[in-house]
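K.L.:
next one to model:
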Amino acid sequence: MNLQIRIEGTPTEISEVLHALPGAAMVHTAAVELTDEAIEPLTSSELPEEASRFVTTRFARRALKRLKLSKPMKKVLRALYEAHTEWLSLTTLQDVAGYTPAQFAGLRGAFGRRLANTEGYDSEAAFFEYEWDEAEETWTYRLPESVREALALERIV
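P.N.:
Numbering: from 1, shown residues only. Modelled structure (predicted):
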C-alpha cells in the first residue's frame, strides 16, 4: 500500500510529525522544499512596534516564503494586490479562489496557521486590512502597504 500524505511546515516541524507517526521507523526519506534565501532571525528592531496595526514588510516576506503558497492563495493575494485601495468582499475572494465558503474558510485557517508559526508573529499586527460593509452585510478586505511591498519583493505579483 502506497500512502501519500502532505505535511506543511519547517524542516523541524516536519521531522517532529514524521517521527510521531505510527511506523516512523519505516520512513526512509522526506522531501523538504526550502527557499533560495536563508531565513535569518529577526532582530528586536525588526519586530513590529507595540502600536503597529499591520505586519512589517520583513515579517510578511518571511510568512510568504516560509512554505510554498497554494495556487488559490496566490490568486487571492494577486486579486487583493491588483485591487490596491479598493475593498474586495469575502464572496469575491471566494470566487477568485474558486472555493466554496467552507473551502475558503479552510484556506483562511491554513494562512492563519502560516502566520502564527512564522518567527516574529505578533497577534496584534494584521496581515490584511478588513472592515464590515454595512450595505452588503459582508466583510471586505485589502492589503496594507507593507504586505503589498512584500508581495512585490517576493515576486508573487
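K.L.:
what are the phi and psi values at Val96?
P.N.:
phi -60, psi -40 (degrees, to the nearest 10).
K.L.:
what strand or helix carries the nearest residue to it once chain neighbours are set aside?
P.N.:
In space, and not counting its chain neighbours, Val96 is closest to Ala79: 4.5 Å by Cβ to Cβ, 6 or more residues apart in numbering. Where C-beta positions appear, they are placed from N, C-alpha and C, glycine not excepted. Secondary structure assigned from DSSP states H and E places Ala79 in helix 71-83.
K.L.:
ok, Leu93 next?
P.N.:
In the assignment (DSSP H and E), Leu93 maps to helix 90-97.
K.L.:
so what does that helix touch, helix or strand wise?
P.N.:
Applying 3 or more Cβ pairs under 8 Å, 6 or more residues apart in numbering; DSSP states H and E, one finds that helix 90-97 contacts helix 71-83, helix 101-116, strand 138-142.
K.L.:
where does the prediction get shaky in this structure?
P.N.:
Scanning the chain for pLDDT under 70 picks out 1-52.
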